[in-house]
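K.L.:
fold the following for me, if possible:
(2 chains, ligands or ions: 2)
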Amino acid sequence: MSTTLIKLENIEKVFYTEEVETHALSNISLTINKGEYVSISGPSGCGKSTLLSLLGLLDTSTGGKYQLAEHDVSGISKTERARIRNKEIGFIFQSFNLISDLSVEENIDLPLSYRNDLSKEQRVKMVKDSLEKVNMSHRAKHFPSQLSGGQQQRVAVARAIVGNPSIILADEPTGNLDSENAAAVMQLLDVLHAEGATICMVTHDPRSAERADRNIDILDGQIISDQSNPAHKNFDAATA
Amino acid sequence: MIMQDFKYAIRLLAKKPGFTILTTLVMATGIGLSVYLFSFFNMLFADLPFKDGESIVIIAASENGATNFDRLSIHDYFEIRNNVKGLSQFGAYSEESVNVIGREGARKYNASYTEPGMFELTHTVPVLGRTFATKEDKVGAENVVIVGFDIWKNQYGGDSEILDQILQISGESYRIIGVMPEGYSFPRRAELWLPLRKDAKQLSRDNTEYIRGFARLDEGVSKQEINQQLSVIMQRIEQKYPKTNHRKSAYIGSMSMSSVGSGIAVVYSMQVVAILILVLASINVGNLLLSRAVERSKETAIRVALGAPRARLISQMLWESIIICTMGGIIGFLMVAWGLEITQGITAGFFPGKMPFWWVFSIDAFNIKLFIAFVISTIIVTGLLPAWKNSGENFNDALKDGTRGALSKKSGRLNKVLVISEILISLVVLICASVMVLSSYNRTHADIGAETQGIIVADVALSDARYDLASKKSEFINTLQSRLENSTGISDVMISSTLPGLFARTNKLEIEGKEYHDNKGKHEANAIVITPGTLGKLGVELQQGRYFNNSDNGDDKRSVIVTESFVSQHFPKQSALGKRLRFTENDQQNPSWLTIVGIVEHTRQGDNPTRSKLPSVFRPYAQDPRVQVTVAMKSALDKTSVTKILRDTLRSIDSQLPAFRIETYTQSVYRVSASVRFISSVLLIFGIAAVVLAGSGIYGVMSNTISQRTQEIGIKRALGADEKHIINELLIAGVKQLLWGGIPGTILGGALGFAMGTVMGVGINEIVILSLTTVIILGTIVILATYLPAKKALQLEPSEALHYE
Ligand SMILES: Nc1ncnc2c1ncn2[C@@H]1O[C@H](COP(=O)(O)OP(=O)(O)OP(=O)(O)O)[C@@H](O)[C@H]1O
Ligand SMILES: [Mg+2]
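P.N.:
Ligands and ions are numbered 1, 2, ... in the order given. I've put the predicted structure just below:
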């Protein structure tokens, strides 16, 4: 029996820029359960990143209702949203978005540093664990500019998971990587998923989408298909 | 292609109007102030407008090493003239003002008593007549005069028959032998020239005359060489005549500087501050454009990656600088033109007569050249360097760096260095500027000790020839005073050698009962003579004893009134009434003792911050008659009516006596500090400009840094940092920079301010307060420059911030 983590009802997003109204998303209703691995695909400009931003509370919708872990988060304060992003959500970006002034371990510690329920020792341990998970312990003291793209993205993954978020949101995590590094990152997500993480990933790449157990397709800001991945049917059944 | 780049630059500038306006204004201020400054000093130090004018030098005396173009003893002058190598075309001159009686009655003119050769030195020939012949410089020769163009035009209506006419100058007749061309008033502001007729052989060293020398520096000889020779010659004289020449030396300076006189110290300090402001302005514009270039390094890298030729990239970046610097420069230049026009009007007011004739503050070829040079160099510094730096190597790094979406480490560090140096220099400039402003404020706002309202003052100078005896002088003053007092409309008449607030003659004095071994131990005070009743009518309050009355008149009486400052200096904790003092510098061998009969409040004479504390000693005019007096008249009438009454009264006593410098008491007190007031307001403008430059510079760079960090802020917010976190983090960074720049800045600025303060009469407490205030102002700017842009960046949704370019 799966619990509902995310519930979107009739979400819409309109961008108003100098005389132009862009309907980036319209009428999106969607439920994501705990432990699910969802991929979102669609042509460029269809609204994938916008949807992910709304899910991650990086932006607010212009209409509809959003429930995260059974709480309505549509109208909450900025501070509250920051707190939820910090504790419940882990982000992985296409362009890594590491802070170049900070070393690898400082980058990973960053989300923990915004919390005040953790002791110094706990934080050190959590950073160490998550570095180990992505297999980057040997680069803890390096700076982002001293790493390859694949390594940087692994650090970004470590940063996303360090606070044990309820959901990992990834926007084309392999978009800037070659196939070998891409495969390594995808492998990492597989492992995280196997350990119980909920993942929602935007991707262009059908091979990446195949790894998810649910595929959502978007066109012009609307969901046009939402189906379980046939390849994972058995797997799902087995675990259910 | 050039047009395309130009249009692109315009589009970029239009896209960020705030940035464009800010940089243009900073540029305008920077170029404006520096061109103004340089024009001002170029004018003060300008060479004379004669052929070979740069080789004309003035020989002047220095005392204790202070070079203030003091006058030189004629004995020393002849020694120098006979011994120095490398100077030629010598002459001695002395500037004085003289009474001239012409068609329009008596008037004061600036005269230059000179040895022959002055006109030859300046390669100028008279428009009419001739210059002085050598024989005319002998004592006893015929009295001849050369008049300036103004006298010829105004007193003689340009009469071509002027030669050989007789002019009454200070009670003597002179035959006119020449007229100088328009605009000529060498050495400074002479309106007529008379033979000097001073022969050192006929004078003793103890009773010497003081003059300045002029000469031409031989080709290939430096001023230093001459000055070395002069100090050797003067040392020799000092050994021979230790009494008269104690610590005296001589030096040569260029003519133009000699007009500035003792104001030179103020001018130098002003120069230091102004140069720092210039540095600040340049750093600011460089900063702003550089951080803009850094901001666009990714764009540049992309263009390089796309194969853009380097020249093209540089041209594109340069356009932006060209537009900003040129626009700013033109605005600044217009301000300069306006500022110089004002300066011309104001500086003219410093001089009771005429300004040095070559001081013309206006836009000329020099300013224009300077302006072009400044604009070009700012374009090069602000445009070419960042462009060069950004257009070449490492574009790959920039690309890679850019994709990581955070401010690159290198440019982050650069910004920090910029902000820190801004803070440091701003502090130094602001502390120095505020010390100067405070000093001149103190000078112009101190209490002079008298009431100046409703009083008209005028100077009257008795000629030595006709008022040779003390009794004649006293009699004249008595008659003048009583006739004026009986005129309708004049309520009070006060006659004195000088008034409170104006410069006074000082004298060395001794106090009875104290031992004195040499001159050094003698005290100094302003020695002022007044007619009875003057102090009371001026509102100088009596504190003990009595004012003078008619019983003090008579040169056999020996009474003085001293100021309270005199008492606290010489008779602390005891009554000074009845104590005796005597002046020791007068010619008398055995000066008489003078008894203190009254004590009045302190009066300030002149505006020098250290000298204005000097106590004063007042004597009745009848006991020490002087040739020049100031007549102050209290009246409800206007200046013209009072002037008429005074002129008529004077004429009724002596038809040859002019009254000059007629103005209100307030005006004449104001004139004393006019140059300081002017410099003070210039400083205030410079100070405000410094605050604006420092503020806008710091704000500009800091807010740019934060806007460059928008994406980083987005990332942090995505990771759960709330607004408070972000703002705190930025504020801490800002405060750190404030400390890094602020601590050395305060130390350096405080030290400089202290050094200036000791010269300019600003105390250590005041400097501490000024420094703290400055730190607080800059701190506020730093905090605002963090808080406001941070707030703005936080207004974006995190998703927008993440994609911010
Ligand atoms: N801040 C914004 N202001 C205005 N319009 C925006 C904004 N962000 C996105 N859009 C518009 O919304 C639409 C959806 O954009 P979105 O970034 O979600 O596309 P996407 O599906 O992620 O595309 P891609 O695969 O190319 O990343 C686009 O038409 C885009 O132009
Ligand atoms: Mg996208």
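K.L.:
whichever residue of chain B sits closest to chain A: which element?
P.N.:
Residue nearest to chain A within chain B: residue B:720 (2.1 Å; C-beta to the nearest C-beta). Backbone N, C-alpha and C define where each C-beta goes, glycine included. Element membership for residue B:720 (DSSP states H and E) is empty, with no helix or strand holding it.
K.L.:
now the nearest residue in space to it that is not next to it in sequence: which helix or strand?
P.N.:
Nearest non-adjacent residue to residue B:720, counting by C-beta to C-beta, 6 or more residues apart in numbering or on different chains: residue A:86, 2.1 Å away. If you go by DSSP H and E, residue A:86 is part of helix A:78-88.
K.L.:
how about residue B:419?
P.N.:
Using DSSP H and E, residue B:419 falls in helix B:409-445.
K.L.:
now that helix: average pLDDT?
P.N.:
In this model, helix B:409-445 carries a mean pLDDT of 78.
K.L.:
who are the packing partners of that helix?
P.N.:
Here helix B:409-445 is seen to pack against helix B:264-295, helix B:674-708, helix B:723-760, helix B:764-795 when contacts are counted using 3 or more C-beta pairs under 8 Å, 6 or more residues apart in numbering or on different chains; DSSP states H and E.
K.L.:
buried ones in it?
P.N.:
Neighbour counts over helix B:409-445 (16 or more other C-beta atoms under 10 Å in any protein chain shown) mark B:409-412, B:414-416, B:418-444 as buried.
K.L.:
same thing with stretch B:688-706?
P.N.:
Going by 16+ other C-beta under 10 Å, stretch B:688-706 has these buried residues: B:689-691, B:693-706.
K.L.:
show me how far that stretch is from its chain's centre.
P.N.:
Its chain's C-alpha centre and that of stretch B:688-706 lie 29 Å apart, by C-alpha atoms, centre = their mean, to the nearest Å.
K.L.:
near chain A, anything from that stretch?
P.N.:
No - for stretch B:688-706, no contact with chain A is found by C-beta under 8 Å from any C-beta of the partner chain; the gap never falls below 12.2 Å.
K.L.:
just the CA atoms of that stretch, as PDB, please.
P.N.:
What follows is stretch B:688-706, C-alpha atoms only, in PDB (Å, rounded to 0.1, in the frame of the first residue of the first chain):
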ATOM      1  CA  ILE B 688      30.600  66.300  -1.200                       C
ATOM      2  CA  ALA B 689      32.000  65.000  -4.400                       C
ATOM      3  CA  ALA B 690      34.200  62.600  -2.500                       C
ATOM      4  CA  VAL B 691      31.200  61.300  -0.500                       C
ATOM      5  CA  VAL B 692      29.200  60.900  -3.700                       C
ATOM      6  CA  LEU B 693      32.100  59.200  -5.500                       C
ATOM      7  CA  ALA B 694      32.900  57.000  -2.600                       C
ATOM      8  CA  GLY B 695      29.300  56.200  -2.000                       C
ATOM      9  CA  SER B 696      28.400  55.600  -5.600                       C
ATOM     10  CA  GLY B 697      31.600  53.600  -6.200                       C
ATOM     11  CA  ILE B 698      31.100  51.300  -3.200                       C
ATOM     12  CA  TYR B 699      27.400  51.000  -3.900                       C
ATOM     13  CA  GLY B 700      28.100  50.300  -7.600                       C
ATOM     14  CA  VAL B 701      30.600  47.600  -7.100                       C
ATOM     15  CA  MET B 702      28.900  45.900  -4.200                       C
ATOM     16  CA  SER B 703      25.500  45.900  -5.900                       C
ATOM     17  CA  ASN B 704      27.100  44.600  -9.100                       C
ATOM     18  CA  THR B 705      28.800  41.800  -7.100                       C
ATOM     19  CA  ILE B 706      25.500  40.800  -5.600                       C
END
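K.L.:
isn't residue B:689 up against residue B:31?
P.N.:
No - Residue B:689 is beyond contact range of residue B:31, at 11.8 Å (criterion: C-beta atoms under 8 Å).
K.L.:
next, count neighbours for the residue nearest to residue A:144 when sequence neighbours are not counted.
P.N.:
Of all residues not flanking residue A:144 in the chain, residue A:98 sits nearest, at 4.1 Å (C-beta to C-beta, 6+ apart). The number of residues packed around residue A:98, counting by other C-beta atoms under 10 Å in any protein chain shown, is 27.
K.L.:
surely residue A:98 is in a helix?
P.N.:
No - secondary structure of residue A:98, determined by DSSP: H, G, I helix; E, B strand; the rest coil: coil, with no helix assignment.
K.L.:
pretty sure it contacts residue A:105?
P.N.:
No - at 11.6 Å, residue A:98 does not count as touching residue A:105 under the criterion of C-beta under 8 Å.
K.L.:
so what sits against both of these two?
P.N.:
Counting by C-beta atoms under 8 Å, 6 or more residues apart in numbering or on different chains, residue A:98 and residue A:105 have no shared contacts at all.
K.L.:
what sits against the closest residue to residue B:722 other than its chain neighbours?
P.N.:
Distances taken as C-beta to C-beta, 6+ apart place residue A:82 nearest to residue B:722, at 3.6 Å, with adjacent residues excluded. By C-beta under 8 Å, 6+ apart, the contact list for residue A:82 reads A:114, B:717, B:720-723, B:725.
K.L.:
is it true that residue B:712 lies in a helix?
P.N.:
Yes - counting by three-state DSSP, residue B:712 is part of a helix.
K.L.:
count the residues that sit near it.
P.N.:
Neighbour number of residue B:712 under other C-beta under 10 Å is 25.
K.L.:
again with residue B:26
P.N.:
By other C-beta under 10 Å, 26 other residues sit near residue B:26.
K.L.:
for the helix or strand that contains it, buried residues please.
P.N.:
Element membership of residue B:26, judged by DSSP H and E, is helix B:17-44. For helix B:17-44, the neighbour count (16+ other C-beta under 10 Å) marks B:19-20, B:22-40, B:43-44 as buried.
K.L.:
who are the packing partners of whichever helix or strand comes after it?
P.N.:
Next helix or strand after helix B:17-44 toward the C-terminus (DSSP H and E): strand B:56-63. Counting contacts by 3+ C-beta pairs under 8 Å, 6+ apart, strand B:56-63 packs against strand B:66-70, strand B:72-73, helix B:74-83, strand B:210-217, helix B:223-240, strand B:248-254, helix B:255-258.
K.L.:
now those as a markdown table including mean pLDDT and distance to chain A?
P.N.:
Converted to a markdown table, the helices and strands packed on strand B:56-63 look like this (pLDDT from 0 to 100; distance: least, C-beta to the nearest C-beta, whole Å):
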| stretch | mean pLDDT | distance to chain A |
| --- | --- | --- |
| strand B:66-70 | 68 | 55 |
| strand B:72-73 | 88 | 68 |
| helix B:74-83 | 90 | 69 |
| strand B:210-217 | 89 | 62 |
| helix B:223-240 | 88 | 55 |
| strand B:248-254 | 84 | 56 |
| helix B:255-258 | 54 | 54 |
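K.L.:
now the ones you listed in TSV, with mean neighbour count?
P.N.:
Formatted as TSV, these follow (neighbours: other C-beta atoms under 10 Å in any protein chain shown):
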stretch	mean neighbour count
strand B:66-70	16
strand B:72-73	24
helix B:74-83	19
strand B:210-217	22
helix B:223-240	16
strand B:248-254	21
helix B:255-258	20
